[in-house]
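Novice: show me how the following folds:
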Amino acid sequence: MSCKEAFGRRSTRLSNARYPYDTMSLYYSAAWIRIQSRRNRFVETTTGAVRIGKKGRSFVLLVAYASSMGSLICFVLMLLNYPGMNIAFFIALSFSFATCTHLMLHRLREKSGNPKLVKFIHRCFLALVTLFAIYFSLLQLLILSAARTDDGEADIVIILGAGLYGETPSKVLVSRLDAALEYSLDKEAMPIIIVSGGQGSGETISEAEAMSRYLRQRGISEASIWKEDASTSTLENLAFSFSLIDEMDMEEKNLKIAIVTNEFHLYRSKHIASTLGYDVIGVSAKTPNVYLRVLYHFREAIAIIWQFLFK
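Specialist: Numbers count the residues shown, from 1 in each chain. Here you go, the predicted structure:
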């Protein structure tokens, strides 16, 4: 019954009431109308909450569908060697798995013969996803905190490899080479430049050779370039480069070393160098576009977790 109908009925009763009871009847009528009004608002609010829940499930279903289609598209583009698609495929697949698992557990809670067990599993799954999201966010803060060029001049500059297309450096690798050139040419004495990177799949020459060619074409003498062409990972990049430095017959032993890499990669690179016993200067190279920057930030967080767990 609406408030208007209730007030109409009470008004009819009040018009037929005798004088001694008119005031009291009016008071109780107003109180009854307020109760009814609050009850109606509560019902409307509860119904709205149910609608919001349905909208929430529809949104999760939409995310699951979009991430599944996105992972399929990324997989096709990955086969076509489109840059960054392997990372995008992993991200889309992770979103698809998480949302589909959430929907499946929610459905099982309604149909299962043991809903309490399914509810417990569902809550554990959501708690794990939440903890992972928090941990992932903290890793991003650590990555961003190291994404800058440190003060100080280096005697040796190590450029970390980042992939080739045949013999052509990738956009990310070009950004590192340009940052190394800017850093080195700005110094009074040209530092020794170690180009570090082996030959990967789809590459016709080693990354070290491609980087050496790029630097020589821009005025760096061949005598200033040292090549490390056996590494296949960041850990090997640094370990092999440090071994090369230790083998150098140089008068000065307290050499300052700089690592040139992209801003998203500096935190992990400096951490690996620290575990190997070297205090290094970080030189940040700006990633070419926002699309690659976002993808590589996701990839770097996964790489940090992988390194922590298995290395």
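
Novice: am I right that I121 is in a helix?
Specialist: Yes. Assessed with DSSP: H, G, I helix; E, B strand; the rest coil, I121 lies in a helix.

Novice: correct me, but it touches L105?
Specialist: Yes. Counting by Cβ atoms under 8 Å, I121 touches L105, with 6.4 Å between them. Where C-beta positions appear, they are placed from N, C-alpha and C, glycine not excepted.

Novice: so those two - more neighbours on which side?
Specialist: Neighbour totals were compared for I121 and L105, and L105 leads with 18 against 14 (other Cβ atoms under 10 Å).

Novice: got a list of what that one touches?
Specialist: L105 makes contact with 118, 121-122, 125, according to Cβ atoms under 8 Å, 6 or more residues apart in numbering.

Novice: pLDDT at S29, what is it?
Specialist: Per-residue confidence (pLDDT) for S29: 56.

Novice: the one 5 residues further on now?
Specialist: For R34, the model assigns a pLDDT of 56.

Novice: quick one: residues contacting T204.
Specialist: Listed by Cβ under 8 Å, 6+ apart, the contact partners of T204 are 164, 166-167.

Novice: okay, it and S241: tell me how far apart.
Specialist: According to Cβ to Cβ, to the nearest Å, T204 and S241 sit 23 Å apart.

Novice: and I281, by the same measure?
Specialist: Taken as Cβ to Cβ, the span from I281 to S241 is 14 Å.

Novice: ok, those two, which is more surrounded?
Specialist: S241 (25 against 19).

Novice: tell me which element that one is part of?
Specialist: helix 234-247 (DSSP states H and E).

Novice: gap between stretch 172-190 and the chain center?
Specialist: Counting by Cα atoms, centre = their mean, to the nearest Å, stretch 172-190 is centred 28 Å from the centre of its parent chain.

Novice: tell me the mean pLDDT for that stretch?
Specialist: 87.

Novice: how about that stretch: buried residues?
Specialist: 172-177, 179-181, 183-184 (16 or more other Cβ atoms under 10 Å).

Novice: which members of those residues occur in helices, if any?
Specialist: Among the buried residues of stretch 172-190, the ones falling in helices (DSSP state H) are 172-177, 179-181, 183-184.

Novice: now do S137 against F298, distance only.
Specialist: Taking Cβ to Cβ, one finds S137 at 12 Å from F298.

Novice: please say which of the two ends up with more neighbours.
Specialist: Between S137 and F298, counted using other Cβ under 10 Å, F298 has the larger neighbour count: 17 against 10.

Novice: that one contacts I91, correct?
Specialist: Yes. Using Cβ under 8 Å, F298 is in contact with I91, at 5.5 Å.

Novice: what about the strands in the stretch 51-200 of the chain?
Specialist: Using DSSP state E, counting those that start in this stretch, the strands of the stretch 51-200 of the chain run over residues 156-160, 164-165, 168-169, 192-196.

Novice: those: which one's closest to Y267?
Specialist: In terms of Cβ to Cβ, the element of the strands of the stretch 51-200 of the chain nearest to Y267 is strand 156-160, at 13.2 Å.

Novice: what's the offset of that closest one from the middle of its chain?
Specialist: Per Cα atoms, centre = their mean, the centroid offset for strand 156-160 relative to its chain is 26 Å.

Novice: which ones are touching A98?
Specialist: Contact analysis of A98 by Cβ under 8 Å, 6+ apart lists V129.

Novice: please report how far it lies from S67.
Specialist: A98 sits at a distance of 8 Å from S67 (criterion: Cβ to Cβ).

Novice: how is the chain partitioned into domains?
Specialist: Using automatic domain parsing, the domain parsing of the chain gives 3-55, 59-145, 156-310.

Novice: any idea which of these is most buried?
Specialist: Among the domains of the chain, ranked by average contacts under mean count of other Cβ atoms under 10 Å, first place goes to domain 156-310 (a mean of 18).

Novice: list phi and psi for the residue lying closest to L164 once chain neighbours are set aside.
Specialist: Nearest non-adjacent residue to L164, counting by Cβ to Cβ, 6 or more residues apart in numbering: E203, 4.4 Å away. Main-chain torsions, E203, degrees, to the nearest 10: phi -110, psi 130.

Novice: what bridges to E203?
Specialist: Listed by DSSP bridges, the beta-bridge partners for E203 are G166.

Novice: give the contact list for it.
Specialist: If you count contacts by Cβ under 8 Å, 6+ apart, E203 has them with 163-164, 166-167, 210.
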